[in-house]
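>>> Structural data only, the sequence is not supplied:
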Ligand SMILES: [Zn+2]
């Protein structure tokens, strides 16, 4: 903890050097590993993608601080988390208040994209304070479990996706205390479980997991996943960390879905 001011001071120097030598670089790097050597990929790296939005120095410090702190906390819970992680941070103009103004994506092993909404009430600063930590917990859980867009370790299928998303949702909610309306499920969610369990393996990911289903429901897979994990926890007595070590099928069985 006490080393933080030193880290940030070093980081500031690094940024100044970087911006001096690479005025045309696409973003700025915060290097937060033991080594500050740019050639060695070591530790946690934070890159600000600033083509469309320039982050203020205060926002950068706040964002970096939250990411560094969250990484430490996640690593204490999931010690096998990859040592080298690159987090790219960018600002977007989408309204994502349902998830606290921050969303993310685990692009590949060791690579996460974080998008912070500029149109969140209070702007980037308020969004980062509200939901950046929970987004890092969520995405780093994906890295740890191997649920990444490239280099994914799992088979295709909405129930598998729902379980993996549900684990990340419950993990983030439990350890950050931040609960997003966007992941909350309705009373009739058990009907939705039956629906996804009979979908073909190649069912439309966007329609069932991400945005709006033609009937108006949104993020069905996330809500079902959250429900399935909580049901598996209640029925088995296992916590989210213990469940995280199980396969999707084992979890679906514990939840009574198959
Ligand atoms: Zn996710």
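Received, thanks. Because the structure is a prediction, the values reported are computed rather than measured.
>>> so where's the chain uncertain?
Counting by pLDDT under 70, the chain shows low-confidence ranges at 1-41.
>>> What residues does the chain have near the ion?
Selection of the chain residues close to the ion by C-beta under 5 Å from the ion yields 165, 168. All C-beta spots, glycine's among them, are computed from the backbone N, C-alpha and C.
>>> which one's the longest helix in the protein?
Assignment by DSSP state H gives helix 57-77 as the longest helix of the chain.
>>> buried sites along it?
59-60, 62-64, 66-68, 70-71, 73-75, 77 (16 or more other C-beta atoms under 10 Å).
>>> And the next helix or strand past that helix?
strand 85-92 (DSSP states H and E).
>>> Run me through the strand neighbours of that following strand, direction for each.
Sheet pairing for strand 85-92, assigned by DSSP bridges, gives strand 44-49 (parallel), strand 111-117 (parallel).
>>> from the middle of its chain, how far away would stretch 146-158 be?
Relative to its chain's centre, stretch 146-158 lies at 15 Å (C-alpha atoms, centre = their mean, to the nearest Å).
>>> what's in contact with it?
The contact list for stretch 146-158, computed with C-beta atoms under 8 Å, 6 or more residues apart in numbering, reads 105-109, 111, 142, 145, 160-161, 164-165, 168, 196, 199, 201-203, 205, 208-209, 221, 248.
>>> Just the endpoints, please. Distance across that stretch?
16 Å (C-alpha to C-alpha, to the nearest Å).
>>> buried residues in it?
Buried residues in stretch 146-158 (16+ other C-beta under 10 Å): 147, 148, 152, 157, 158.
>>> separation between the first one and residue 126?
Looking back up the chat, that one is residue 147. 29 Å (C-beta to C-beta, to the nearest Å).
>>> Let me see the contact set for the spatially most central residue of the chain.
Geometric centre of the chain, nearest residue: residue 139, 2.5 Å, by C-alpha atoms, centre = their mean. By C-beta under 8 Å, 6+ apart, the contact list for residue 139 reads 104, 105, 106, 112, 114, 168.
>>> Just name the closest of those to residue 229, please.
residue 168 (9.3 Å; C-beta to C-beta).
>>> The closest one touches residue 136, doesn't it?
No. Checked against C-beta atoms under 8 Å, the pair residue 168 and residue 136 is beyond contact range at 10.8 Å.
>>> Same drill for the two, tell me which one is more crowded.
residue 168 (31 against 26; other C-beta atoms under 10 Å).
>>> Can you give me every residue that contacts the more buried one?
137, 138, 139, 141, 142, 145, 147.
>>> Most neighbours of all the residues you listed, which one?
residue 138 (29 neighbours).
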